[in-house]
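Q: Provide a 3D model corresponding to the input given below.
(chains A and B)
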Amino acid sequence: MSLTLDDLAATSGTAAQDLALKSKELTQKQVVAVPVAHATERRAQRQLAYDETKKTADQWDDTIDAERKTSSLNFGKREAEQTSTSQLASSFFADTPLERRVEQILQQASAHTDQAVQAREDEALEERDDADERRKELAKTRSLLFFAERKAKYHAKVKSKAYARLRRKRLKKRDEAAREAAAEADPSLREARDDELATKRAQERMDLRHASTSAWARSTKMRGRGAVESRRREMRDNEALRRELAKKQEQSSSEDESDSDESREELIAKAKASLGECVDEEQPGGALLNMKFMVKAREAQRARAREDAERLLEELEAGNASSDDDDEDGAALRELAALSGDAPAEAEAPPTVALQGNSLKVRRKRGAAAAAAAPAAAPAAADGTGAATKKARAAAAEAPASGGEGAWLAAARKARARGRAVSQKHVEVEPPRLRTGSVTQAPEESAPPPPTENAPLTKLSQQDLLHMAFDDKDQEDFAAQRSEELAPERPPEQPDLLGWGSWAGEGAPAARPKKKRKEAPVTIVPPTRAAANPRVILNAKRHKKAGLLKVAQVPYPFTSRSEYERYMARPVGNDWNAAPAVKKLTRPAVSVRAGAAVEPIRKGGGKKKGLV
Amino acid sequence: MMRRQRRREQHVRQTYNDTAARYEQTDEGLLEPETPTERTHKTQQKAIVEATSANAAANAWRKALPKGPYGINVARTGRHAVCYGAGGRVEVLDLHRNVRTAEVRCGEVCRAATFLHDETMVAVAQRKYVYVYDQDGAEVHRMAKHLEPEHLSYLPFHFLLASAGHAGWLKYNDVSTGQFVAEHNTKAGAPRSLAQNPQTAVLCLGHGNGVCSLWSPAQSKPLARLLCHRGAVDAVACAFDGTYLATGGMDGFVKVWDCRTWRAVKELRLSGRAPVSLAFSQTGRIAVTCAKSVEIYESAKKLKAFQPYLSHKLDGSHATNSVFRPFEDVLLVGHALGVDSILVPGAGEASYDAIDGDDPYRSKKGRKTAVVRGLLDKLPIETITLQGAGFVGTVERDAAAADKERRALEEDANAALSKRIKEKKKTRGRSKLKAKLKKRMKNVVSKETQLLKEKLAARKKKQADSVAVQEAAPTTALDRLFARSSRR
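A: So this is what the prediction gives:
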């Protein structure tokens, strides 16, 4: 074989091609990117990694949360063996002679597995003529059985109507509670809710859907188809009656409202009118009340009451002329109205169904007015001192009890007089005294009558003898010690030495005041009864070491001190608890079985290996 | 849930209060007068002894002892008692078997004695120190820090032995570790009396100036001071439930104080007598011991002059102190001629708590178990406060103070840490070449160093010789005269 020209040409051709390619590559001038700075690259990597981690970080939340909340961690716990039927079936091994025999029989009958049974069935069918029909029949039976099973399962699961009703009720209750809680947190929510409720109620009233919900109506409804026409009519009438009543109520309430803002002049006029009336009334009563002296006394009382009322009215009118809007006058007016038996609504005893505008009311309300007059009169009478008002109030309290017509007036006068008297006098409240006495208070111990020097010993009392035997020095010492200890601590005085405190020399600018650290506010504990006792010195100093046995603040899962302290006060010992409870309560926070490998924490919520 | 719990708690509290009320009112086992005019305190011991069973009657006895007067103390189980005499005799008695289990004759005055955690150890306050003796009467320990002790008290839940000394010092010693725990200067002279609150383990000291002071080992100042009497407070006692403190003074008064308000709830004036000792029984009876007689009152509230529940005269002897036997209707009285054991119906708690470690019928093994249990449950001294140990684990109320303390602790810890980190090298220039060379030259054997070494060896030898000569020569009293003359 020799080398031909063709060969050479062929070779040179490919080489030329290569060369052309190379030159092309070079001429195209492809620019290779300059590598980025290492730091920039790392930063980008970090950013990416961070973004990735951020996406997956909260996957740990459940795990960590569960681990934190658990009372104790147990590592290397022996897992309980899982016993599902399929597992048992799959791991079955014929061990005992009986089992082995049964297995042998099953194998002989080729019924030991599903497949074997199927094969046998097929075999048996093949021999028959109506194989297809038989197969269909079998399939049908199987599917029927399967559906029957499914149905039974479904029926076992499905809940009754009563269950649904109760559930609905429970859910409603829960919703209500949640809304209530939300409303408590945010008042605007409450308003919205109230509005919503009001609308709902209005709707209910309008559509009459809930109108006949009374026991009677329900029982009638329950009869269903057999409900007679008369019953229906009854229901209708009933409803009509109810509506009418409601309308009336609405009316009366609007009247009440219009009544309450009467003008001042109207009130005075009314008072005047009823003042005229009240004298003419007849007192219904028994024989005793209608006896002559009783009648006389009553008339006298009335005369006085009338006088008072007239005087008050005069004052009022004068006041009305001078200043129209005055609170005191308003009070007086109310008082007057009360005197004349027409007390304004707020001064009345319980507001009853309105029956106003006629003289009947004046007569009917006498008792109530008397009761109302006293509290109204009392503050007007008392001149500002607390004690005076107190007494007036006491008098007012007496008034309704004493009953009768003039009682309120007498009480009012009494209160006024007392108020004056008390305001002039200084009120002294005597503190209760200890029987055992004290260093300063009890006279029988601290200041004994000095025993006369010449008196014979036999004449002296036991107490005198005691005082002679034991002088007061100890008592005085104790009192001094107590006052010394109770006095606030003073900082130690700096010795007044030459050069101290003026290192910079005279005339130097004053030093910049030191920045004071913000101290926590000091809680001032009021002295207890024991601490106030002059015969006791209690050590008020904080016991630091004992303080270390307390916790500084309520620990995490607890929301209040009482809750935490209640939890701590709960006994854990076996004298008070059953054995499993003791075991649970006294379990260590972390326990590891000796020799067991502690696996690292794994992602995933719910129950973890270590969690108990 | 919360409501149910609250309701349950309320129920428990109610039950507790009912039980407590019943407990307070208990008059079970008391003598009852048959006629309205009959007075129980007229009943003689003889009559009580005759009326009771032979078993109970065996608890009425008098043990005559020489070289009195004698004081008496009893163990927590009520089975053992220790009597100590001014003549130096200490006897440990087994009251169930009526035998003496140990006897010590220490030859100096014994002022107080108390059992430690159980009957196998007894601490005795002698003339100068506190000594501890074991069940055979052998001296186990001498507590040299407890000088001139006058009163002793043992705090069973803290394993502390407390002594109040003549100089006015209250000292605490942990008997389980042997450590000296605390000493407080009462600044009120020699203490006159000492008692322990069994609920809070606070010690109550009666002083000569009429003051009763309450102490905890954890605080150097008294927890409280009460001005109780004119003249010295000679007797102090605390009720078993810790609610009442009784004090008796030289002024002839016995006062009962409420331990919550520190107010006197009851006063008793003894006519022409002064109490020398007071004792509470488990059921709340009070024994007021005067020099010649002992009067027992039904309860703190029924402390009324001339109307004691029982009274007992000491037939010409002078009483030192008295103490109720736990779980028995018996009062032990120490006096000049020995010890009396008298019957006080209704004084002892009928049932004992075997878990609490005060089972009077426990076996040897039971006793040992109780010691171990006690040690495991030993309380730290900080739990001794006026209000008891109930505060442990609660939330701090004085948050500001707690915050301040915490800050101080943190600062301390930080300071320690910074000290550890920054070890500044203050010796400068040591690493210089010159110093290094100098150090290296130390090993070089030169003429000078050789001379110095020889000189040193010679001096050492001379010293050793002189010591040997001194040891060899017999020393007599006259030797120093010769030494002086020779020097001359």
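Q: ok, residue A:309 to chain B distance?
A: Distance of residue A:309 to chain B, given as C-beta to the nearest C-beta, to the nearest Å: 55 Å. From N, CA and C alone the C-beta is placed, and that goes for glycine too.
Q: tell me the secondary structure at that residue.
A: helix (DSSP: H, G, I helix; E, B strand; the rest coil).
Q: span of stretch A:110-119 from start to end?
A: Stretch A:110-119 has an end-to-end distance of 9 Å (criterion: C-alpha to C-alpha, to the nearest Å).
Q: swap that for stretch A:219-237, please
A: This stretch, stretch A:219-237, spans 17 Å end to end (C-alpha to C-alpha).
Q: is residue B:304 in contact with residue B:267, as I believe?
A: No: counting by C-beta atoms under 8 Å, residue B:304 does not reach residue B:267; the two are 10.1 Å apart.
Q: how many neighbouring residues does the residue of the stretch 1-150 of chain A found nearest chain B have?
A: Nearest to chain B, among the residues of the stretch 1-150 of chain A, is residue A:71, at 16.6 Å (C-beta to the nearest C-beta). Residues near residue A:71, counting by other C-beta atoms under 10 Å in any protein chain shown, number 11.
Q: so who does whichever residue of the stretch 201-350 of chain B sits closest to chain A touch?
A: Nearest residue of the stretch 201-350 of chain B to chain A, counting by C-beta to the nearest C-beta: residue B:230, 3.8 Å away. Contact analysis of residue B:230 by C-beta atoms under 8 Å, 6 or more residues apart in numbering or on different chains lists A:466-467, A:469-470, A:474-475, B:210, B:249-251.
Q: correct me if wrong, but residue B:184 is in a strand.
A: Yes: under three-state DSSP, residue B:184 falls within a strand.
Q: hmm, it is touching residue B:216, no?
A: No: Residue B:184 is beyond contact range of residue B:216, at 9.1 Å (criterion: C-beta under 8 Å).
Q: same for the helix or strand where residue B:92 lies, what does it pack against?
A: Per DSSP states H and E, residue B:92 falls inside strand B:89-94. Strand B:89-94 sits against strand B:80-85, strand B:99-105, strand B:121-125, with contacts defined as 3 or more C-beta pairs under 8 Å, 6 or more residues apart in numbering or on different chains; DSSP states H and E.
Q: buried residues, that strand. List them.
A: For strand B:89-94, the neighbour count (16 or more other C-beta atoms under 10 Å in any protein chain shown) marks B:89-93 as buried.
Q: tally of neighbours for residue A:487?
A: 8.
Q: now do the helices in the stretch 1-150 of chain B.
A: B:2-24, B:45-51, B:54-57 (DSSP state H, counting those that start in this stretch).
Q: quick one: closest of the ones you listed to chain A.
A: Of all the helices of the stretch 1-150 of chain B, helix B:2-24 comes closest under C-beta to the nearest C-beta, at 7.4 Å.
Q: can you list contacts of the closest one?
A: A:566, B:284, B:299.
Q: residue A:579 versus the last one, what's the distance?
A: Here residue B:299 is placed at a distance of 41 Å from residue A:579 (C-beta to C-beta, to the nearest Å).
Q: more neighbours: which of those two?
A: Of the pair residue B:299 and residue A:579, residue B:299 is the one with more neighbours under other C-beta under 10 Å, namely 21 against 8.
Q: name the SS class of the spatially closest residue to the more buried one that is not a sequence neighbour, please.
A: Nearest residue to residue B:299, sequence neighbours excluded (C-beta to C-beta, 6 or more residues apart in numbering or on different chains): residue B:284, at 4.8 Å. Under three-state DSSP, residue B:284 falls in the coil class.
Q: please consider this matter closed, and thank you.
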